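# After the sequence you'll find the predicted model.
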Amino acid sequence: METTGKTVNIPTLDVSSQERAEEKLTPENVAAAARLLRETGLVVIESVLPRAWIAELNVAMQTVLDNEGNAQNGEHPMLKLPFMDARIIDNPFSMQILQAAMGEKIFAYLPYGCNTTVPGCGTQHIHRDSGQLFPALPFALPVSTIVVNIPLVDFTVANGATEVWPGTHLIVDDAAVRNTPYHVCTEERAATLPSFQLEMPAGSVVVRDMRCWHRAMPNRTQTIRHMLALVYFRRFHHLPDAPNIFKPQVSEEIWANLSEETQEMYRFQAHIS
Ligand SMILES: O=C(O)CCC(=O)C(=O)O
């Protein structure tokens, strides 16, 4: 079998058959997963979802992408089954880890995304999906944005398994790097740090701190490689739909006389319009 020749281990959580059957991690394993995520920036649980079902999902995903330009009667195809299955959007294993890392107040949006590499594609630039929460501080704060990835085929070096630089979520960029789109990291800098390609079976679950450097790699097979990507945020503040917070109604007379800037500032406040 082809290997990368690197010796960096993929941070993988060992999950017992009882935990798998009950879809519940032991408290020790939740802590171990949270620790791997905190210290390396990611944790993988292999083969969480049934292979046959994932294979069906892979076909459904390709159908969605093949029909992307076509009218869908206003309905997004990924807001339907099988994509809205709770095993994906509320995966019990990833949820336990997300909550251990970011607390109970988390939110996400739909539809979620899909990362695809097609045969013959090139190497993606090395990047982060999120910067540091307070980018000017000289240290990294705990995680507040996490992506859950679910590969729909076996991920191998040959089909372009994602390359990840463990530990890089803790790197604080200087201002010059911070101001580039996606905090692009140079090849030279990345080459000084260990990385691995995320080889794993279809239906595994990856919980990754979005600050980790990573990139899609060339797909040298004849088969398209899909990976679902669900983004979760820690909630820090009241949301616009928080009960009662933004409810008191400002009259039209008062609202209309506020400057554009003031209206923008109070845009979630109920007002008569
Ligand atoms: O497709 C991949 O392997 C990774 C892509 C990705 O995570 C990204 O573009 O942010």
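Everything's here; your move. Numbers count the residues shown, from 1 in each chain.
# Tell me where the longest strand sits in this structure.
Taking DSSP state E as the criterion, the chain has its longest strand at strand 225-234.
# ok, that strand: who's next to it in the sheet?
Strand 225-234 sits in its sheet next to strand 106-108 (antiparallel), strand 113-117 (antiparallel), strand 145-151 (antiparallel), going by DSSP bridges.
# any chance of these in TSV, with distance to residue 15, mean neighbour count and mean pLDDT too?
In short, each C-beta sits where N, CA and C put it, glycine included. Below are those laid out as TSV (distance: least, CB to CB, whole Å; neighbours: other CB atoms under 10 Å; pLDDT from 0 to 100):
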stretch	distance to residue 15	mean neighbour count	mean pLDDT
strand 106-108	21	13	94
strand 113-117	24	18	96
strand 145-151	15	23	98
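# Spatially nearest residue to residue 133 (excluding sequence neighbours)?
Closest residue in space to residue 133, ignoring its immediate chain neighbours: residue 141 at 4.9 Å, by CB to CB, 6 or more residues apart in numbering.
# try residue 248
Excluding the flanking residues, the one nearest residue 248 by CB to CB, 6+ apart is residue 270, at 6.7 Å.
# any idea how far the ligand is from that neighbour?
Residue 270 sits 37 Å away from the ligand, going by CB to the nearest ligand atom, to the nearest Å.
# before we move on, what about residue 171?
Between residue 171 and the ligand the computed distance is 17 Å (CB to the nearest ligand atom).
# do residue 116 as well
7 Å.
# again with residue 147
7 Å.
# Quick check: bridge partners of that residue?
Assessed by DSSP bridges, residue 147 has beta-bridge partners residue 208, residue 231.
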